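**Q** Turn this into a structure:
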Amino acid sequence: MAVALSGLLFACSASAGKLAIVIDDFGYRPQQENQVLQMPNAISVAVLPTAPHAREMATKAHQHGHEVLIHLPMAPLSKQPLERDTLQPEMSADEIARIIHNAVANVPYAVGMNNHMGSKMTSSLSGMQKVMQVLDHYSFYFLDSMTIGNSQATRAAAGTRVKVIKRRVFLDDNQNEAEIRKQFNRAVHLAQRNGSAIAIGHPHPSTVRVLQQMLPNLPADVTLVRPSQLLNEPQSSPANPVPVPVPPKTAPKPRNPFRGVAVCRLPQPLTPVPATRALEVITESVAQSPLVKKIVSLF
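**A** I've put the predicted structure just below:
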């Protein structure tokens, strides 16, 4: 019985939702960033390579056991002030390689990269192909911040060894703590429903406070992981409201000689069952089975 229960526990653990949280814009605000580094080391950080404290904070993050990414500035479609060495689609492959080489030098211990802004750059297939060729040389993965819906990052990585993963939730587009909590819970729900989710936040005081409050209370069926642990997980688009498909007005008739039978549809979706409750039900069922009772009686 102990062996059976151990197997069940392992199965439930393996099916737990995986949640990765990345804190962007590291290198400018050491006070808040040091607070992030006191959080569970599965929290990952993305460091701006031209920030004044880039090397210091990347080194500290690594020493605290956090995964480090390069938060590389990429050109947006909107007009706004840009970081030095912001990638542009029209740059030559050599220029892009030079900028990424300098970024790697400024952000030690990095194992991946994600885009800072970048709606113009990431929507350019030719531009992102040049980026992926360089990342292939460094064996980096790419976390697509999905600042634009038609990002070409995944297509651009074809033919390279670069694996692309995608952000699902922005925690703090609105820096109101209630809104950040709402987005945090949304990320948790997506991890439970889809098996994994990636959320991106920033070292704002409000974000730090919410994470300090909510991380200790993660549901039992959600595990905090690093982005690199999701490289082989199925990827999908960011968590925006999904339109409900409109069924056709008249369903096609079954085409068989027996006229077929109508499909029985549920009046409403079934309520998801948490892994912890599922484990309780299975354990009770196993314990009450005649075979298990017989085995127990022999001992």
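**Q** in the stretch 51-200 of the chain, which spans are helices?
**A** Ranges of helices within the stretch 51-200 of the chain are 54-63, 93-106, 119-122, 125-138, 153-156, 177-194, based on DSSP state H, counting those that start in this stretch.
**Q** Between those, which one is closest to residue 76.
**A** Checking these against residue 76 by C-beta to C-beta gives helix 119-122 as the closest, at 4.9 Å. (Glycine included, C-beta is placed from N, CA and C.)
**Q** And that closest one, what's buried?
**A** 119, 120, 121, 122 (16 or more other C-beta atoms under 10 Å).
**Q** Ok, stretch 83-91 next?
**A** By neighbour count on 16+ other C-beta under 10 Å, the buried set for stretch 83-91 is 83, 85, 86, 87, 89, 91.
**Q** Identify, from the residues you listed, the entry nearest to residue 193.
**A** residue 87 (34.1 Å).
**Q** Roughly how far does that closest one sit from residue 75?
**A** As defined by C-beta to C-beta, to the nearest Å, residue 87 lies at a distance of 6 Å from residue 75.
**Q** quick revisit: return the most buried member of the helices of the stretch 51-200 of the chain.
**A** helix 119-122 (a mean of 24; mean count of other C-beta atoms under 10 Å).
**Q** Distance from that one to the middle of the chain?
**A** 20 Å (C-alpha atoms, centre = their mean, to the nearest Å).
**Q** Kindly report the same for stretch 193-202.
**A** Distance of stretch 193-202 from the chain centroid (C-alpha atoms, centre = their mean) equals 4 Å.
**Q** which phi and psi does the closest residue in space to residue 225 that isn't next to it in sequence have?
**A** Among residues not flanking residue 225 along the chain, residue 18 sits closest, at 4.6 Å (C-beta to C-beta, 6 or more residues apart in numbering). Torsion angles at residue 18 (phi, psi; degrees, to the nearest 10) stand at phi -110, psi 130.
**Q** Redo the helices of the stretch 51-200 of the chain as TSV? Include distance to residue 167 and mean pLDDT.
**A** Formatted as TSV, the helices of the stretch 51-200 of the chain follow (distance: least, C-beta to C-beta, whole Å; pLDDT from 0 to 100):
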stretch	distance to residue 167	mean pLDDT
helix 54-63	19	98
helix 93-106	19	98
helix 119-122	11	98
helix 125-138	16	98
helix 153-156	11	98
helix 177-194	10	98
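**Q** Go ahead and confirm residue 117 touches residue 77.
**A** No - shown here, residue 117 and residue 77 do not form a contact pair, counting by C-beta atoms under 8 Å, at 9.2 Å.
**Q** Please say which of those two ends up with more neighbours.
**A** Ranked by neighbour count (other C-beta atoms under 10 Å), residue 117 and residue 77 place residue 117 first, with 23 against 13.
**Q** and residue 30, which of the helices of the stretch 51-200 of the chain is closest to it?
**A** Nearest of those (C-beta to C-beta): helix 54-63, 6.5 Å.
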